[in-house]
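Colleague: predicted model and sequence below, questions to follow.
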Amino acid sequence: MINPSEIHTALNENIDKLKDTTEGIFILGDVQTKSLTQILKESVEDKQLHRREILSFGLSLIYNGLPNSTKKILQEQALEKTPLDIPKINEYRVMERLGSGGMNIVYFFSPHEGKSFSVGLKRRGFDTEKEAGKFAKAQKTEYEYFRDMYKDVPNLIPEENQVLYRNYKNEISLMFVRKYVPEPLRDFFKIPREELENIIISNREFRDQLLKFATISLENSDTILNEELDILGDKNLAVTGEKGKEKLILLDPHTILAKKPEIRSRIENRLNQLKEMLIESSLNITVPIRLDQLERV
């Protein structure tokens with residue numbers, strides 16, 4: 001027998017998903033970059049229809065057809081309540097969108113000449129100020145913990161501050177303000193091995209950073225695995241700077257919030273990659289623990 005309350009609950013959930021997807025695209029700029037063919041191909045491979053991605057694809061077509069002036073007005077909505085002195089450009093109060101992840105939308109913010117920041121706005125707000133404050137305190141503690149863990153690696157982790165504010169929905173939310181790290185910025189694990197070894201050999205500062213980072217990471221592999229430090233995010237562990245002046249940087253020294261069984265395994269693979277790269281390099285580096293020890297953590 002059909003239960004009306006279950007139908008009502010399911011309908012409300014679908015409406016909320018539609019609303020989140022629409023706001024994500026038209027206000028937060030989460031435009032779908034996959035083609036419809038790619039989405040359908042992945043659906044066949046996964047044996048389930050990716051309805052939300054198909055919806056996102058359709059809404060993205062509409063968004064991309066809007067005039068730039070309309071897009072800027074929409075983007076202003078996401079930023080209108082932020083406690084930042086955002087300068088107006090051509091009458092629009094906007095910041096350049098640098099990228100996004102599962103938790104934050106990241107923007108470029110430059111209020112004064114010579115000072116630039118990246119600002120990560122948490123996607124979702126909190127029901128109460130107490131809940132938001134508790135989360136902010138946990139994020140601050142986490143940042144300080146990993147900053148202290150890697151304190152011997154110079155210039156690895158940018159300074160970070162957490163600020164509570166009200167988002168465009170008037171919900172209490174959190175922003176992360178960090179010193180801006182300019183492009184070029186490349187994901188450490190996506191740089192070809194030969195190119196990375198050339199950087200290690202030719203750039204002493206980068207080599208020293210990498211050796212210290214690897215040593216500390218492998219010595220603390222149990223913490224990194226158990227807490228799930230985010231070394232998986234695109235360009236989170238990155239190489240920045242022009243050729244000959246490269247530096248290693250950990251942009252977001254936080255753990256992964258969406259706990260999934262495969263996450264730990266992927267982080268372990270990254271640690272193994274790091275260890276194997278150092279072992280195989282022409283520098284003949286001695287690492288602090290054996291690979292078989294890391295695999296048993």
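Modeller: Nice, I can see it.

Colleague: helix, strand or coil for Lys41?
Modeller: Following DSSP: H, G, I helix; E, B strand; the rest coil, we place Lys41 in the helix state.

Colleague: could you give the number of residues near it?
Modeller: Counted with other C-beta atoms under 10 Å, residues neighbouring Lys41 total 12. To be clear about C-beta, it is placed using only N, CA and C from the backbone, and glycine gets the same treatment.

Colleague: just the pLDDT for it.
Modeller: The confidence metric pLDDT takes the value 86 at Lys41.

Colleague: Ala132 is in contact with Leu174, isn't it?
Modeller: Yes. Using C-beta atoms under 8 Å, Ala132 is in contact with Leu174, at 6.4 Å.

Colleague: overlap of the contact sets of the two?
Modeller: Each of Leu164 lies in contact with both Ala132 and Leu174 under the rule C-beta atoms under 8 Å, 6 or more residues apart in numbering.

Colleague: give me the three-state assignment for Ile15.
Modeller: helix.

Colleague: give me the neighbour count for it.
Modeller: 10.

Colleague: what sits against it?
Modeller: No contacts exist for Ile15 under C-beta under 8 Å, 6+ apart.

Colleague: quick check: it vs Thr21, distance?
Modeller: Look at Ile15 and Thr21: by C-beta to C-beta, to the nearest Å, they are 11 Å apart.

Colleague: and for Ile73?
Modeller: 20 Å.

Colleague: and what of Lys134?
Modeller: From Lys134 to Thr21 the distance is 28 Å (C-beta to C-beta).

Colleague: again with Leu225
Modeller: Taking C-beta to C-beta, one finds Leu225 at 33 Å from Thr21.

Colleague: and for Leu66?
Modeller: 17 Å.

Colleague: for these two, indicate the residue with more neighbours.
Modeller: Remark: of Leu66 and Thr21, Thr21 carries more neighbours, 18 against 13, as counted by other C-beta under 10 Å.

Colleague: that one contacts Glu53, doesn't it?
Modeller: No. Applying C-beta under 8 Å, one finds Thr21 not in contact with Glu53, separated by 9.4 Å.

Colleague: thanks a lot, catch you later.
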